[in-house]
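J.: Requesting a structural model of the entry that follows:
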Amino acid sequence: MEKLDWLVAVDLWETDSSIFWKRPGANPAQIKTEVFLLPAAASFEKEGSVSNSGRWAQWRYKAQNPPGVAKSDLDMLDLIYRELKSLYQKEGGKFADPILKLVWNYTEPGEHEASPHLVAKEINGYDYKTKKQMMTFMDLKDDGSTACGDWIYNGSYTEKGNMMARRGPKDASNKIGMFPEWSWCWPVNRRIIYNRAAVNRKGEPWDKKRWVVKWTGSAWKGDVVDGGPKFGPDAKNPFIMNAEGVGKLFSKDLADGPFPEHYEPMETLVANLFSSQKLNPAVQIHDTLVGDFNDAARYPYIATSYRVVEHWQAGAMTRNLPWLAELVPDMFCEISPSLAKAKGVKNGDKVRIFNSRGTISAYALVTERVQPLKVQGRMVEMVGMIWHFGHGCGVSGDSCNQLTPSIGDANTGIPEFKAFLVDIRKEA
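T.: Next up is the predicted model:
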């Protein structure tokens with residue numbers, strides 16, 4: 001970040017990232033990055049949709065206006081684009097067509113702010129000539145006659161209205177608690193993905209009492225069937241997104257082989273019981289301290305990170321709220337009574353947790369919740385840490401991510417932050 005020309009952050013408060021130049025040990029005079037912090041609206045200060053892990057897209061309404069000059073993300077993007085287009089029109093610039101010819105009209109007649117409804121309609125998709133909203137992604141074409149922001153949300157905002165805003169309490173005909181008229185589920189309001197696998201080749205449910213879909217002889221009942229309502233159960237295989245149309249035991253797309261194998265984390269104290277290959281050879285290593293991996297003699301304890309209920313949102317949200325900061329005011333770690341005794345640490349003592357990457361300070365919480373485990377004939381102690389702290393916000397503290405390795409999963413790149421090695425000692 002110190003090498004950037006400029007950095008734009010959009011948030012409710014200053015974050016650890018947006019004020020990286022204020023962190024302990026940094027010299028702002030030697031940092032050339034210019035930082036812009038744009039004050040954002042909170043979720044209840046703007047209208048729009050939210051999609052959850054169950055694939056429900058639900059519409060939220062604005063409860064109040066944001067404070068001061070804070071704006072919603074949509075308003076910010078709209079203003080930036082309009083200014084950018086104006087500059088291109090006045091001064092020109094390279095590769096101007098994507099800016100000057102972009103279809104960008106999200107403001108209702110007589111209004112001065114962009115409308116999330118117009119954005120949602122464009123994401124849903126429409127017929128370019130009639131301007132009517134598309135009902136299903138099966139009707140989208142690649143000849144320029146239709147437009148769609150994201151095919152999986154096609155059907156979420158139709159000519160019938162905003163499907164995401166629905167709050168209908170009626171259940172589906174299968175009566176298993178699907179409630180298809182409550183919000184909208186992508187794609188095509190299908191509540192259970194791959195639901196064709198819930199029936200046999202005759203369309204008869206495997207579970208007659210808790211059926212998801214079933215074939216009546218001429219139509220499907222229950223959930224929106226996967227694979228097209230026009231086709232009977234014998235016309236298609238159930239897994240339509242797989243080339244074979246059936247479920248897979250092996251995948252040709254994994255970087256570390258067709259069948260996932262168990263490997264130990266890059267930093268570990270124990271051998272891999274499943275294979276002679278201890279570590280995944282295909283992991284993405286971004287850490288500069290490769291030579292210090294698995295130095296159990298110097299760092300004999302397994303560390304892991306987690307968060308507490310009071311820190312269930314981002315650090316900038318929770319550490320700036322006085323009532324949450326009062327509940328969890330300081331960085332702390334959890335250790336077992338046996339490890340505390342070995343290190344001469346009492347509950348509430350300040351401790352240092354460290355490895356080759358750095359050292360952090362925390363208060364010790366000595367608790368029976370953490371217990372040593374006997375693994376492969378040896379007792380293994382663990383140091384548990386909350387990861388929510390940093391140098392910014394209303395309350396601050398050391399971040400446990402100063403100690404975590406930069407190791408990415410072989411297929412997803414998800415970092416291996418949940419298992420690494422440390423040592424711990426009482427602060428003098």
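
J.: Tyr363 against Met331, yeah?
T.: Yes - shown here, Tyr363 and Met331 form a contact pair, counting by Cβ atoms under 8 Å, at 7.0 Å. Quick note: C-beta positions are derived from backbone N, CA and C, even for glycine.

J.: quick one: which of the two has more around it?
T.: Neighbour count, other Cβ atoms under 10 Å: between Tyr363 and Met331, Met331 has more, with 22 against 16.

J.: Could you verify my assumption that that one touches Asn401?
T.: No - judged on Cβ under 8 Å, Met331 makes no contact with Asn401 at a distance of 11.6 Å.

J.: Other residues contacting stretch 273-281?
T.: Contact with stretch 273-281 is made by 256, 261-264, 266, 268, 271-272, 376, 410, as judged by Cβ atoms under 8 Å, 6 or more residues apart in numbering.

J.: So for it, first residue to last residue, what's the gap.
T.: End-to-end span of stretch 273-281 (Cα to Cα, to the nearest Å): 16 Å.

J.: and if you look at stretch 344-352?
T.: One end of stretch 344-352 to the other measures 13 Å (Cα to Cα).

J.: Could I get the buried residue list for it?
T.: Judged by neighbour count using 16 or more other Cβ atoms under 10 Å, the buried positions of stretch 344-352 are 345, 349, 351-352.

J.: residues making contact with it?
T.: 333, 335, 339-340, 343, 359-366, 424-427.

J.: which of those residues count as buried?
T.: 333, 335, 339-340, 343, 360, 362-366, 424.

J.: just the strands in the stretch 301-428 of the chain please.
T.: 301-306, 332-335, 350-355, 358-366, 373-375, 378-380, 382-386, 407-408, 420-426 (DSSP state E, counting those that start in this stretch).

J.: Direction included, what does the third one pair up with?
T.: If you go by DSSP bridges, strand 350-355 pairs up with strand 358-366 (antiparallel), strand 420-426 (antiparallel).

J.: tell me the angle of it relative to strand 382-386?
T.: Going by axes from the mean of the first three to the mean of the last three Cα atoms, to 10 degrees, strand 350-355 is angled at 100 degrees with respect to strand 382-386.

J.: follow-up on the earlier one: and the furthest pair within the contacts of stretch 273-281?
T.: Greatest spatial distance in the contacts of stretch 273-281: Gln376 and Ala410, 24.7 Å, computed using Cβ to Cβ.

J.: Run a quick neighbour tally on Asn200.
T.: Neighbours of Asn200 using other Cβ under 10 Å come to 12.

J.: Could you count how many residues lie near the residue lying closest to it once chain neighbours are set aside?
T.: Nearest residue to Asn200, sequence neighbours excluded (Cβ to Cβ, 6 or more residues apart in numbering): Trp206, at 6.8 Å. Applying other Cβ under 10 Å, we find 11 residues neighbouring Trp206.

J.: re the thing from before, and of the buried residues of stretch 344-352, the nearest to Leu102?
T.: Of all the buried residues of stretch 344-352, Arg352 has the smallest distance to Leu102: 54.0 Å, by Cβ to Cβ.

J.: coming back round to it: looking only at neighbour counts, state which of Gln376 and Ala410 leads.
T.: More crowded of Gln376 and Ala410, by other Cβ under 10 Å: Ala410, with 18 against 9.

J.: Isn't that one up against Ala255?
T.: Yes - contact criterion Cβ under 8 Å: Ala410 and Ala255 qualify, at 4.4 Å.

J.: Which stretches in the stretch 1-150 of the chain count as helices?
T.: Counting by DSSP state H, counting those that start in this stretch, the segments of the stretch 1-150 of the chain that form helices are 73-91, 97-100, 116-124.

J.: follow-up on the earlier one: now pLDDT, secondary structure and distance to Arg60 too, for the contacts of stretch 273-281, in a markdown table please.
T.: Below are the contacts of stretch 273-281 laid out as a markdown table (pLDDT from 0 to 100; DSSP: H, G, I helix; E, B strand; the rest coil; distance: Cβ to Cβ, whole Å):
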| residue | pLDDT | secondary structure | distance to Arg60 |
| --- | --- | --- | --- |
| Asp256 | 88 | coil | 40 |
| Glu261 | 86 | coil | 43 |
| His262 | 90 | coil | 41 |
| Tyr263 | 91 | coil | 41 |
| Glu264 | 90 | strand | 43 |
| Met266 | 87 | coil | 41 |
| Thr268 | 89 | coil | 44 |
| Ala271 | 89 | coil | 50 |
| Asn272 | 91 | coil | 46 |
| Gln376 | 91 | coil | 50 |
| Ala410 | 91 | coil | 37 |
